[in-house]
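Enquirer: Got a predicted structure here, sequence first:
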Amino acid sequence: MHEGRLISADRKDSPLHGGSEGVCIEDLRVEPLEASGSGPGDDEPLALDGWTVRVSRERRDPAWDSFVARCPGGHHEQTSLWGEVKGVYGWQGLRIVVAREDRILGGVQILIRRVGRWGRIGYVSRGPLAVSNHPKLIDFLLAQLHRAASSEGLLYLALVPPYNGQVFEPGLKQLGFSPKPNVLPPGGLMPATLLLDLSPELGSLLAGMQRSTRRNVRYAARRGVTVREGTEPDVELFRQLMWTLCERRKTRPTPPQKDFFEHLWRVFHPAGLVRLFIAELEGQAVSAVVTFPFGDAVKSWKVGWTGDHAKSYPNEMMYWEAIRWARSNGYRTFDFVGIDDGLARMLENGESLDVASIHGADRFKVGFGGRPLVLPRPCYRFYHPLLRFFALAGGRKLIESPRVARLVGRFWDRLGSSGEG
């Protein structure tokens, strides 16, 4: 079988930051901290003596970014690089870093933005992070987060935990956080995802696909679909493809800014932390996907597609080539980023499913195989005394009403915000 053109790229010599800030990409692809003995074990006695708390507002924080890449649950949206991209649209990154003897044990990045004369709001995306589940460390991290939110005078803080963030849920509840209803910002947060283990050989990965997906990949190769890695001039092409797909689906593009991907590429690509794969047929770009190679995983993120050549299956070939690239470059997991949580629970429980009954993007993703993961639920807290009193006095039902949700949604959009990303 011809499996399409394998894309290769050498990431290991690319600097994370230029000049004196040089942290190599290799530094962002090492054994997780929990496996290296760098942090306290869950049952190990832990003293607070010698702990330091560093508060950083710097545009670039290489030490923190390296920690995020190594830490269990680390996500690119907790890096200072992501904060820099969001900074273009008015958000400021505030990092709270807990260390002992210059070794980072945990921390969190809060994105903060002023809301006119009202005050400031905060958003934690895929944090906090900790090297272990030790209760003292977890409690200390959450106490620092709570203190920062109060001292910064935030009106509202939304928090999306990391993939392994269940350990933070009891402490967040004690601090007054509540599960975030969908009507409160940010919206578009994924409740579950699908993770493909890349350790098997390519033949085994093919065998693990649904028969129809495997057949479509092979047919795309026979039809002449090729996949290439995009470069800077292709960034605008991708945006156009994504917006075309959104228009066809009658949905608003997220992120909504036309120049978002240009800024993303400028910040992340020199570090080798963003990759663009483009599927072509007969010299025409048909579809494209933006991925984040970070830590030990490659996360697919945004997709664009003209809608043409559906029967040549360019999307199946594009994802297969992205998976092959991830495996050949030493990544352990391919993250499809987002499936329905009900479907994920059924898959987790081993329930038999008729693939034909699954629709849309979920059906496409499940066709590649993988392990479902239901994610911790996002939460929120009002910090302004009046808002908090209103919520505790029964105003939560009003806050969560569809009418208020529409108003809040329009307000959040004007801030240039979106859900995951």
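Expert: Good, I have the coordinates. Numbers count the residues shown, from 1 in each chain.

Enquirer: domain assignment for this structure?
Expert: 38-182+384-414, 192-374 (automatic domain parsing).

Enquirer: Between these, which has the poorest mean confidence score?
Expert: For the domains of the chain, mean pLDDT drops lowest on domain 38-182+384-414, to a mean of 86.

Enquirer: re the thing from before, any chance of the domains of the chain in TSV with mean neighbour count as columns?
Expert: No exception for glycine: its C-beta is placed from N, CA and C like everyone else's. Compiled in TSV, those are given as follows (neighbours: other Cβ atoms under 10 Å):
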stretch	mean neighbour count
domain 38-182+384-414	18
domain 192-374	18
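
Enquirer: Contact partners for W91?
Expert: 83, 111-113, 123 (Cβ atoms under 8 Å, 6 or more residues apart in numbering).

Enquirer: Give me the distance between R126 and F368.
Expert: Using Cβ to Cβ, to the nearest Å, we find R126 at a distance of 23 Å from F368.

Enquirer: longest single helix anywhere in this protein?
Expert: helix 135-151 (DSSP state H).

Enquirer: Dump the very next helix or strand once past it to PDB, keeping only the CA atoms.
Expert: Later in the chain than helix 135-151, the nearest helix or strand by DSSP states H and E is strand 154-160. Provided in PDB are the C-alpha atoms of strand 154-160 (Å, rounded to 0.1, in the frame of the first residue of the first chain):
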ATOM      1  CA  LEU A 154     -10.600  40.200  39.700                       C
ATOM      2  CA  LEU A 155     -14.400  40.300  39.200                       C
ATOM      3  CA  TYR A 156     -14.600  36.800  37.800                       C
ATOM      4  CA  LEU A 157     -12.200  33.900  37.300                       C
ATOM      5  CA  ALA A 158     -12.900  31.000  35.000                       C
ATOM      6  CA  LEU A 159     -10.700  27.900  35.400                       C
ATOM      7  CA  VAL A 160     -10.300  25.000  33.000                       C
END
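
Enquirer: Spell out the secondary structure type for Y319.
Expert: helix (DSSP: H, G, I helix; E, B strand; the rest coil).

Enquirer: ok, and the closest non-adjacent residue to it?
Expert: F368 (6.6 Å; Cβ to Cβ, 6 or more residues apart in numbering).

Enquirer: what's near enough to touch the one you found?
Expert: 194, 196, 208-210, 213, 319-320, 323, 336.

Enquirer: Looking at those residues, spot the one nearest L343.
Expert: Of all the contacts of F368, L343 sits closest to L194, with 9.2 Å by Cβ to Cβ.

Enquirer: Run through who's touching the strand or helix carrying that closest one.
Expert: Counting by DSSP H and E, the element that carries L194 is strand 192-197. Contact partners of strand 192-197, identified using Cβ under 8 Å, 6+ apart, comprise 163, 205, 297, 323, 332-341, 343-345, 365-366, 368-375.

Enquirer: Give me the subset of the residues you listed that lies in strands.
Expert: Using DSSP state E to define strands, the subset of the contacts of strand 192-197 located there is 297, 333-335, 371-374.

Enquirer: Can I get those in JSON lines including distance to P135?
Expert: Below are these laid out as JSON lines (distance: Cβ to Cβ, whole Å):
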{"residue": "A297", "distance to P135": "27"}
{"residue": "T333", "distance to P135": "28"}
{"residue": "F334", "distance to P135": "33"}
{"residue": "D335", "distance to P135": "29"}
{"residue": "R371", "distance to P135": "28"}
{"residue": "P372", "distance to P135": "29"}
{"residue": "L373", "distance to P135": "24"}
{"residue": "V374", "distance to P135": "24"}
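
Enquirer: quick one: pLDDT of Y383?
Expert: pLDDT, read off for Y383, is 89.

Enquirer: who are the neighbours in contact with it?
Expert: Contacts for Y383 (Cβ under 8 Å, 6+ apart) come out as 149-150, 153-157.

Enquirer: ok, longest strand in this structure?
Expert: Per DSSP E, the chain has its longest strand at strand 103-115.

Enquirer: pull the CA atoms of that strand into CSV?
Expert: Taking C-alpha atoms only, strand 103-115 is exported to CSV below (Å, rounded to 0.1, in the frame of the first residue of the first chain):
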residue,chain,number,x,y,z
ARG,A,103,13.3,23.4,41.1
ILE,A,104,9.8,24.2,40.1
LEU,A,105,7.1,22.2,41.9
GLY,A,106,4.0,23.7,40.3
GLY,A,107,2.3,26.9,39.3
VAL,A,108,-0.4,28.5,37.2
GLN,A,109,-0.7,31.1,34.5
ILE,A,110,-3.7,33.4,34.7
LEU,A,111,-4.7,35.5,31.7
ILE,A,112,-6.1,38.8,32.9
ARG,A,113,-8.0,41.5,31.1
ARG,A,114,-9.5,44.8,32.1
VAL,A,115,-13.2,45.2,31.3
